[in-house]
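Chemist: Next input, structure requested:
(2 chains)
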There are 2 protein chains.
Amino acid sequence: MAVGSELLTPFRVDTNSLFITERLNTVGFDVRLKTVVGDNVDELSALLRQSLTWADLIVLTGGLGPTADDITRDAVASVLGLPFDEDEATVARIRERFTRRGMVMQEINRRQALVPRGAALLENPNGTAPGLWMEHGKTAIVLLPGPPREMKPMFEAVLRDRLAHLGGGFGLFRRVLKITGRPESEVDARAQPIYGPWAHQEVPISTTILAVLGQIELHLTATAASAEGASRVLGPAVRALQRALGDDVYSVDGSALEEVVGAALRERGLKVAVAESCTGGLLTSRLTDVPGSSGYVDRSEVCYSNQAKIDSLGVPASLIDQHGAVSEPVARAMAEGIRKKAGTAVGIGVTGIAGPGGGTPDKPVGTVAIAVLSGTDARVRTFQFVGAREMVKFQSAQAALNMLRLMLKPSAADGAS
Amino acid sequence: MAVGSELLTPFRVDTNSLFITERLNTVGFDVRLKTVVGDNVDELSALLRQSLTWADLIVLTGGLGPTADDITRDAVASVLGLPFDEDEATVARIRERFTRRGMVMQEINRRQALVPRGAALLENPNGTAPGLWMEHGKTAIVLLPGPPREMKPMFEAVLRDRLAHLGGGFGLFRRVLKITGRPESEVDARAQPIYGPWAHQEVPISTTILAVLGQIELHLTATAASAEGASRVLGPAVRALQRALGDDVYSVDGSALEEVVGAALRERGLKVAVAESCTGGLLTSRLTDVPGSSGYVDRSEVCYSNQAKIDSLGVPASLIDQHGAVSEPVARAMAEGIRKKAGTAVGIGVTGIAGPGGGTPDKPVGTVAIAVLSGTDARVRTFQFVGAREMVKFQSAQAALNMLRLMLKPSAADGAS
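Modeler: Predicted structure coming up:
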């Protein structure tokens, strides 16, 4: 339960619950209900009463501040019928925190030291509000502050010290395969016959397919008593899907595509130079999001105009006249031009129509030509992407990174997969 | 209420409720509770029973598909004690939809044509599942499909046809001021004395401050009978805050910083060329996110290495030796170099240390020098940003865009503000 009226506006979304769910799953708790409620004692109390009838664990975030609209403590104490005691050690700690910053603690801050009788205090290294742990019948209740940097370390400690053994020793373990270059329906058509039966095996694996822009994720989840137990089931499962999906799987350890490409460039000691038109710098920005990328990204140019392509990259004007600026020969000439200028082994050229304007019947918005050169190897392709300007930019950058990844893969040279 | 077990995993967050909240607010509905529940009839039924005791309106999204785990219809009908009738027109429409795609409707799809007795069907132009509208005592209940592209148009129609007059004719209206270049505490210190009293005036305005990376938003909200009535209150309020915050306010109409900068460049007929080091292409990518930016973005170069700065931008090697690559003279030489090469009126140079490596005691990670030249005008500044690599990149791009914005403002030349 997330408590706070600001979470009921159109501007804020509760993300604490994603972190809490992920961590709870690892120790075997299943999340059955999430709620967001405003700073209203009656409504929160009604929800608590209802949840106490069935839940093993209730986690509340937010509403532990010092002001009158911080109502979580009050609602929990009133539902459980517990009186408050002031915790002197907490008052002293809060006072000391203010003093250290050259400020005086206000009387109102004493509210944060009120403890429902019988509750255990949870230390907050990053703020004034301590958390609280309570038990009521079969239900454990945890109160955490709302700011993620205060909530997260506190929740990790509760998980380790109090929840890990309550979960019955079985946790949910996950593997994620990231895939690009193939539509969701095709990925599922190849993968489903493989993962389908896993739902009914002795240690079942549940599989979820998540399609996001230019990328598909397969999430495999198994319940096991330990990480090792999970690996015995999930390891072979990941490998079976990798075999079926081949080179389209670019990561099984959570790495982003630009990290995979960066690692391959670093490993092979190659430097890359980039000439971008329609992606407008996005491809290079993604390459340079990776720490240490200055070691393999030499330079990049964004050449929007034909003149810039001619002057700066040495693209022959006749090539543009003959094929148009958005064409495979021009993409290739851009890649060659920037590579020659930078003296790098790898060159990339991207030219296309990101929209919303600029499309023609021949070359509609979303038409993008990409060339990737590495040593004597060259690959040039034309794509037709769908979506708004930023989506075309992202998909183009994704496709260029993927072409480079496939080119650098050892297996690609053998014609495998 | 969002229905769907996938929304109880760590990977998905319910964003439909943000859209629904925003739209409901405009017709005077206040959202008091949001819930996410799995594909479980009993749990959804318990929540519905509880909400029927107090809510004027219950909106459910998701769980209207044809399979057994789509349980929203069943839960609502069972709580209200209503039998199902099959709607023949809906069956025909679904069948026709399949036929058009060369497919045969499965028997299971008839589930989507089941209507609790007395409910009104809501047309779904973008999918098979119709929505449903029901009334029970004082509570209206709306069932909508989960996919946003199906949910949104359906909800807009319900809002217009059925909810607008229920809300009592009063709606919440909003204005957003976007501010950059000043910390949240300072913005609030200047703005609070102005907006504070508005909470108690005849038509009160409530104010929320939202700080995100490199940017602060002030949201003003007033309740009024019409958009015109709201403008009479919010218009002067926006202008009062603009006067107090001066040039730090870059937009009052929702525009992004790159759009404001783009409009100013276009209006003044100026073209820009960019030389980026630590931002790695992000600055140019943001500039080119704006449709039509090819009209004023001439070219950009990402020069990570010193050699590239010397060769390609003509930065004197002696300047780098003397001041270091991250320095105001080098940023300025980069801006001059790219501007000369491109022949544009405006040139930008950005050089810094994005981290995590590369920092020194003198120039720690987050040190960024930015130069912006326009005609004979030149501004050069050094910033010290905090945060991880991508945060430093974003804040650097934000600062460069803002320097250019201030330089292009007519008031800047008069020394105003």
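Chemist: hey, let's count contacts and neighbours off CA atoms from now on
Modeler: Noted.
Chemist: Return the distance of A:Leu57 relative to A:Ala140.
Modeler: Remark: distance between A:Leu57 and A:Ala140 (CA to CA, to the nearest Å) = 5 Å.
Chemist: measure A:Val290 to B:Lys393 for me?
Modeler: From A:Val290 to B:Lys393 the distance is 11 Å (CA to CA).
Chemist: Comparing these two, which shows the higher neighbour count?
Modeler: The neighbour count for A:Val290 versus B:Lys393, taken as other CA atoms under 10 Å in any protein chain shown, is higher for B:Lys393 (28 against 20).
Chemist: Find the nearest non-adjacent residue to the more buried one, please.
Modeler: Excluding its sequence neighbours, the residue lying closest to B:Lys393 (CA to CA, 6 or more residues apart in numbering or on different chains) is B:Thr279, at 4.8 Å.
Chemist: Pull the contacting residues for that neighbour.
Modeler: Residues in contact with B:Thr279 (CA atoms under 8 Å, 6 or more residues apart in numbering or on different chains) are A:285, B:350-352, B:354, B:393-394, B:396-397.
Chemist: what pLDDT does it get?
Modeler: At B:Thr279 the predicted local distance difference test score is 97.
Chemist: before we move on, what about A:Gly171?
Modeler: Looking at A:Gly171, its pLDDT is 81.
Chemist: so where's the stretch 151-300 of chain A uncertain?
Modeler: Applying pLDDT under 70 to the stretch 151-300 of chain A picks out residues A:167-169.
Chemist: Pull out the buried members of the contacts of B:Thr279.
Modeler: Neighbour counting by 16 or more other CA atoms under 10 Å in any protein chain shown classes A:285, B:350-352, B:354, B:393-394, B:396-397 among these as buried.
Chemist: In strands, which of those residues appear?
Modeler: Of the buried ones among the contacts of B:Thr279, the ones assigned to strands by DSSP state E are B:350-352.
Chemist: need the residues you listed in CSV with pLDDT and distance to A:Val104, can you?
Modeler: Compiled in CSV, those are given as follows (pLDDT from 0 to 100; distance: CA to CA, whole Å):
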residue, pLDDT, distance to A:Val104
B:Val350, 98, 43
B:Thr351, 97, 42
B:Gly352, 97, 39
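Chemist: now these as JSON lines including distance to chain A?
Modeler: Putting these into JSON lines (distance: CA to the nearest CA, whole Å) gives the following:
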{"residue": "B:Val350", "distance to chain A": "14"}
{"residue": "B:Thr351", "distance to chain A": "13"}
{"residue": "B:Gly352", "distance to chain A": "12"}
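Chemist: Would you map out the domains in chain A?
Modeler: For chain A, automatic domain parsing gives the domain ranges A:2-163, A:171-251, A:257-414.
Chemist: Please work out which of the ones you listed is packed deepest.
Modeler: Comparing the domains of chain A by mean neighbour count (mean count of other CA atoms under 10 Å in any protein chain shown), domain A:257-414 ranks first with a mean of 21.
Chemist: which residues touch A:Thr180?
Modeler: By CA under 8 Å, 6+ apart, the contact set of A:Thr180 is A:214-216, A:248-250, A:402.
Chemist: on that earlier part again, now flag whichever of the contacts of B:Thr279 is closest to B:Lys309.
Modeler: B:Lys309 has its nearest neighbour among these in B:Thr351, at 10.3 Å by CA to CA.
Chemist: now that closest one, nearest residue through space, not along the chain?
Modeler: Spatial nearest neighbour of B:Thr351, excluding adjacent residues (CA to CA, 6+ apart): B:Ser277 at 4.9 Å.
Chemist: ok, that neighbour touching B:Gly352?
Modeler: Yes: using CA atoms under 8 Å, B:Ser277 makes contact with B:Gly352 at a distance of 6.9 Å.
Chemist: Contacts made by the helix or strand containing A:Thr208 with the rest, please.
Modeler: In this assignment (DSSP states H and E), A:Thr208 forms part of strand A:205-212. Contacts of strand A:205-212 with the rest of the structure, by CA under 8 Å, 6+ apart, involve A:184, A:188, A:195, A:198-199, A:216-223, A:234.
Chemist: Stretch A:116-128 too?
Modeler: With CA under 8 Å, 6+ apart as the criterion, stretch A:116-128 contacts A:73, A:77, A:82-85, A:94, A:97, A:112, A:115, A:130-135, A:149-150, A:154, A:158.
Chemist: okay, and for the stretch 301-417 of chain A, where does confidence drop off?
Modeler: Under the criterion pLDDT under 70, the flagged ranges of the stretch 301-417 of chain A are A:411-417.
Chemist: Report the beta-bridge partners for A:Val380.
Modeler: Taking DSSP bridges, one finds A:Ala371 as the beta-bridge partners of A:Val380.
Chemist: Tell me which residues touch it, please.
Modeler: Neighbouring residues of A:Val380 by CA under 8 Å, 6+ apart: A:328, A:331-332, A:369-372.
Chemist: related to what we said a few turns ago, I'd like the contacts of strand A:205-212 laid out as CSV, including distance to chain B.
Modeler: As requested, those are exported to CSV (distance: CA to the nearest CA, whole Å):
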residue, distance to chain B
A:Glu184, 16
A:Asp188, 17
A:Tyr195, 18
A:Trp198, 19
A:Ala199, 16
A:Ile216, 13
A:Glu217, 11
A:Leu218, 12
A:His219, 10
A:Leu220, 12
A:Thr221, 11
A:Ala222, 14
A:Thr223, 14
A:Leu234, 18
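Chemist: I'm done for today, thanks for sticking with me.
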